[in-house]
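S.K.: show me the folded form of this:
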Amino acid sequence: MASLVLPEEARRAAEVIKQADIVIGIPSYNNERTIAHVVRAAYAGLAKYFPQLTAVVVNSDGGSTDATREAVISARVEDSHLLLLDTPLGGAHRLSFPYHGVPGKGSAFRLVFQLASTLGAKACAVVDSDLRSITPEWIDLLVRPVLFAGYDFVAPYYQRHKYDGTITNSIVYPLTRSLYGLSVRQPIGGEFGISARLVSRYLERDVWDTDVARYGIDIWMTTVAIAEGFRVCQSFLGAKLHDAKDPSSDLSAMLHQVVGSVFTLMQEYEPVWWEREGARPVEVFGFRFDVGLDPINVDVARMARAFERGCEELGEVWALALTPDTLARLRALGRGCRLGQPLHVDNELWTRVVYEFACAYRRQPISRGHLMRSLTPLYLARVASFVIETQQMGPAEVETEIENLCLAFEQQKPYLRTQWNGKSGGAPPVRPEREVVTP
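M.R.: Below is the predicted model:
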């Protein structure tokens with residue numbers, strides 16, 4: 001296991017606290033406006049649902065220049081405002097520390113996990129610091145399956161606007177599901193519950209000084225849990241209300257970082273996904289209900305223009321990743337776009353684009369930056385197509401369309417295997433001895 005070298009301030013706090021059953025981690029960077037609400041919800045959830053357990057709420061801060069850390073320490077929940085069936089043994093400890101290491105959410109999580117391990121926590125949960133919709137019930141739903149149902153990893157299950165989370169809906173969810181055979185709906189959701197066993201596994205991995213720690217920690221955590229055989233479930237948290245963005249705005253950095261991490265993990269876990277077919281459902285805890293959602297305006301014309309420019313300027317880069325047939329079909333769409341025809345990137349074509357990019361990412365490590373940047377206009381074309389086709393649909397119908405995309409990814413997995421080994425198919429990879437953790 002990686003050395004548990006806590007920052008001095010955190011080490012002294014751990015010596016005072018000595019032990020905790022639950023650790024709630026809140027990573028932050030300049031979240032003064034929202035983090036006090038998140039802290040209060042976490043504190044209230046612990047007091048209401050786990051009154052007989054000791055707990056710590058820790059803010060792992062990335063060097064905020066506003067009053068984020070002060071907001072954490074000063075946040076208060078009046079006990080008289082809570083309806084408690086049991087009197088808490090004591091209020092949760094509330095801590096705020098700057099993390100050390102490479103800038104990014106992963107380093108913030110590492111500090112949380114190190115503290116949880118040092119305190120011998122039985123369960124750990126992490127939640128984003130910009131949430132407006134978090135309630136005390138979220139803490140119960142993220143922690144209880146770990147403490148009382150034997151799960152190692154609790155992924156969030158949200159109700160989101162149909163155009164929120166387009167990177168998840170169009171790439172990360174269908175690709176992760178088809179690769180590893182589990183239907184985890186929000187693999188990069190941001191809120192997770194984690195067992196002590198899985199915390200130990202995360203800490204012993206040598207990723208904390210890599211780009212994964214900067215950009216891809218959510219999908220890395222999810223993939224490790226699924227691919228290495230830990231027990232995985234989901235909890236329905238209701239709406240995720242945060243600072244959502246128009247998918248046509250500049251999400252390119254997030255796209256490159258998250259999808260690049262998925263492609264990197266495909267290489268590490270090749271022996272696992274190679275053998276898996278289809279996808280099985282994952283148990284969902286919590287009461288499902290409909291909620292109001294913030295509207296999201298989408299600029300389809302802007303996305304179409306980005307795709308047109310890509311067709312004009314990125315042909316050589318796309319040729320490094322795409323087969324001649326796929327490239328020809330995309331260029332035909334670009335010509336139609338210039339003539340005013342609505343974009344239609346069907347499921348089969350989009351699946352091939354993603355699979356071919358994943359294979360090119362593996363084959364051409366030197367060109368990965370160019371490849372990932374060139375994926376942006378193709379992603380925007382797919383999102384524009386999706387918006388055009390679903391603008392009159394309700395949430396249930398849209399979810400059916402996403403399900404159909406997932407099925408397309410699963411059905412074309414043999415094509416991925418063929419492309420992965422340079423169109424020759426080849427033999428299945430040899431599974432390393434230390435690959436799957438037996439629950």
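S.K.: strands of the stretch 51-200 of the chain, start to end?
M.R.: 55-61, 93-98, 123-126, 153-159, 192-195 (DSSP state E, counting those that start in this stretch).
S.K.: ok, residue 99 touching residue 60?
M.R.: Yes: at 4.8 Å, residue 99 counts as touching residue 60 under the criterion of Cβ atoms under 8 Å. Yep, even glycine has a C-beta here, placed from its N, CA and C like the rest.
S.K.: show me what the helix or strand hosting residue 42 is packed against.
M.R.: Residue 42 is located in helix 35-49, with elements delineated by DSSP states H and E. Judged by 3 or more Cβ pairs under 8 Å, 6 or more residues apart in numbering; DSSP states H and E, the packing partners of helix 35-49 are strand 22-28, strand 55-61, helix 68-74, helix 136-149.
S.K.: which residues touch the last one?
M.R.: Looking back up the chat, that one is helix 136-149. For helix 136-149, contacts defined as Cβ atoms under 8 Å, 6 or more residues apart in numbering pick out 21-22, 24, 41-42, 44-46, 48-50, 122-123, 125, 127, 151-152, 154, 156, 191-195, 233, 235-237, 285-286.
S.K.: give the contact list for residue 17.
M.R.: Residue 17 touches 56, 93, 119, counting by Cβ under 8 Å, 6+ apart.
S.K.: ranking by neighbours, what's the top pick from these?
M.R.: residue 56 (25 neighbours; other Cβ atoms under 10 Å).
S.K.: what segments of the stretch 301-439 of the chain are helices?
M.R.: Assigned by DSSP state H, counting those that start in this stretch, the helices in the stretch 301-439 of the chain fall at 315-321, 324-338, 347-363, 368-390, 395-411, 413-420.
S.K.: out of the ones you listed, which gets nearest to residue 11?
M.R.: When those are compared by Cβ to Cβ, helix 368-390 sits nearest residue 11, at 38.1 Å.
S.K.: buried sites along that closest one?
M.R.: 368, 371-372, 374-390 (16 or more other Cβ atoms under 10 Å).
S.K.: what is the mean pLDDT for it?
M.R.: Helix 368-390 carries an average pLDDT of 95.
S.K.: helices and strands around that helix, which ones?
M.R.: helix 166-167, helix 252-268, helix 300-313, helix 315-321, helix 324-338, helix 347-363, helix 395-411.
S.K.: of those helices, which is nearest residue 71?
M.R.: Closest among these, using Cβ to Cβ: helix 252-268, at 25.5 Å.
S.K.: can you give me the buried ones in the helix or strand that that closest one is followed by?
M.R.: For helix 252-268, the succeeding helix or strand toward the C-terminus, using DSSP H and E, is helix 270-273. Neighbour counts over helix 270-273 (16+ other Cβ under 10 Å) mark 270, 272, 273 as buried.
S.K.: got the buried residues for stretch 44-51?
M.R.: For stretch 44-51, using 16+ other Cβ under 10 Å, the buried residues are 44, 45, 46, 47, 48, 49, 50, 51.
S.K.: any chance of those residues in JSON lines, plus pLDDT and distance to residue 134?
M.R.: JSON lines is the format used below for the buried residues of stretch 44-51 (pLDDT from 0 to 100; distance: Cβ to Cβ, whole Å):
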{"residue": "44", "pLDDT": "92", "distance to residue 134": "10"}
{"residue": "45", "pLDDT": "94", "distance to residue 134": "9"}
{"residue": "46", "pLDDT": "94", "distance to residue 134": "13"}
{"residue": "47", "pLDDT": "92", "distance to residue 134": "15"}
{"residue": "48", "pLDDT": "92", "distance to residue 134": "14"}
{"residue": "49", "pLDDT": "95", "distance to residue 134": "14"}
{"residue": "50", "pLDDT": "95", "distance to residue 134": "16"}
{"residue": "51", "pLDDT": "92", "distance to residue 134": "20"}
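S.K.: let's have those residues in TSV, adding distance to residue 7.
M.R.: Listed next are these as TSV, based on distance: Cβ to Cβ, whole Å:
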residue	distance to residue 7
44	28
45	26
46	24
47	27
48	31
49	30
50	27
51	30
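S.K.: now do the lowest-mean-pLDDT helix or strand in the chain: everything it contacts.
M.R.: When the helices and strands of the chain are scored by mean pLDDT, DSSP states H and E, helix 211-215 comes last with a mean of 74. The set of residues external to helix 211-215 that reach it, using Cβ under 8 Å, 6+ apart, is 101-107, 110, 207, 220, 257-258, 260-261, 264.
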